[in-house]
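Novice: next come a sequence and a model predicted from it.
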Amino acid sequence: MGKRRNPRHGSMQFWPRVRASREHAHVHGWGIGTGILGFAGYKVGMTHLMVTDNKPTSKTKGQDIFMPATIIECPPLKAIGIRFYQYAHYGSQTVSQIMAQNLDKELARSISLPKNKHGKEAEQFDDLTLLVQTQPKLTGIGKKKPEVFELGLGGKKEDKLALAKQKLGQDILIQDVFKAGELLDAHVVTKGRGFQGPVKRFGVTLRSHKSEKSVRQPGSLGGWSAQGHVMYRVAHAGHMGYHQRTEYNKWLLKISTNPAEATQKGGFVHYGVVKNPFVIIKGSVGGPQKRLIKLSKPIRPDKLIPKEAPTITHFSSEAKQ
């Protein structure tokens, strides 16, 4: 095998490279905190900002610096149910579920509603989560089918139950969960890139023009390649992208309830116009435009990042077409 251009492309920490089971990610841990521990929104696209650097150890502290940023539109989530869990030998088991009284008709596109819509509260339980749905009809992405998933809750069991009952059937707003300057984890399903060769998929260097058979193939099949056997870690062609990934410690630069602040000339490419509250996150976030991005409290926060959001002095509203 030739040299790799980027060791991260062929790193075993991303193995197996399997396709995600669904378009929105499954969150394994909602982080540390109290109250509602997460939210979700649709990826709009990227732009760039000029911000006043407020990192204490930075050489450019107090100066305006360039910063790439991602915009995520966050229409309200609607709490449609409460799920009760009991700890068992093989993990948590669902013991009961409560559904809200007035459910949206679009919800039938996503899940099969039980005959007893309201359900019954569990007498004995160890944990509970809030069942929510997205409201894509509020956006301009042309989508009707809502996503349904669970949101983690933090705190004592009694406090969780009281909060869940209070929110049942109500809208949950992004400003009720996060505030500017916080860190968060982004749970995404990356952009699918189809069937790709080993050069693009693993970053294998092109072989010499004097190579016997091929140029865009690995130079060796490994030490154990007899009887048609090839080790799984040899860089071969295969499906690339559409993987579930978690990006840790993304810096939340701004939360805005005024969609006009995210206006871009001609609208955002492959997305359109922002019509709901939105958040601005430093750097890139995986996935294509219009894909649902789940945000959660950080599970391993970086203490070196300031807890206050920097002042944004310029937001690029130029057309990106």
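Specialist: Sure thing, it's come through.

Novice: low pLDDT regions in the stretch 51-200 of the chain?
Specialist: 113-118 (pLDDT under 70).

Novice: buried set for the one helix or strand residue 250 maps to?
Specialist: Element membership for residue 250, per DSSP states H and E: strand 244-256. For strand 244-256, a neighbour-count test (16 or more other CB atoms under 10 Å) marks 244, 246-247, 249-256 as buried. For every residue, glycine as well, the C-beta is placed using N, CA and C.

Novice: output it as PDB, restricted to C-alpha atoms.
Specialist: Provided in PDB are the C-alpha atoms of strand 244-256 (Å, rounded to 0.1, in the frame of the first residue of the first chain):
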ATOM      1  CA  GLN A 244     -23.300   8.700  11.500                       C
ATOM      2  CA  ARG A 245     -20.700  10.900  13.300                       C
ATOM      3  CA  THR A 246     -20.600  13.000  16.400                       C
ATOM      4  CA  GLU A 247     -18.700  16.300  16.400                       C
ATOM      5  CA  TYR A 248     -17.700  17.400  19.900                       C
ATOM      6  CA  ASN A 249     -17.500  20.900  21.400                       C
ATOM      7  CA  LYS A 250     -19.000  23.000  18.600                       C
ATOM      8  CA  TRP A 251     -19.100  26.700  19.700                       C
ATOM      9  CA  LEU A 252     -22.500  28.300  19.600                       C
ATOM     10  CA  LEU A 253     -21.800  31.800  18.500                       C
ATOM     11  CA  LYS A 254     -25.400  33.200  18.300                       C
ATOM     12  CA  ILE A 255     -29.100  32.400  18.700                       C
ATOM     13  CA  SER A 256     -31.500  34.600  16.900                       C
END
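
Novice: now do it: which elements does it pack against?
Specialist: strand 183-189, strand 278-282 (3 or more CB pairs under 8 Å, 6 or more residues apart in numbering; DSSP states H and E).

Novice: tell me the contacts of residue 69?
Specialist: Residue 69 is in contact with 46-49, 253, 280-283, counting by CB atoms under 8 Å, 6 or more residues apart in numbering.

Novice: again but with residue 173, I slipped
Specialist: Counting by CB under 8 Å, 6+ apart, residue 173 touches 76, 277.
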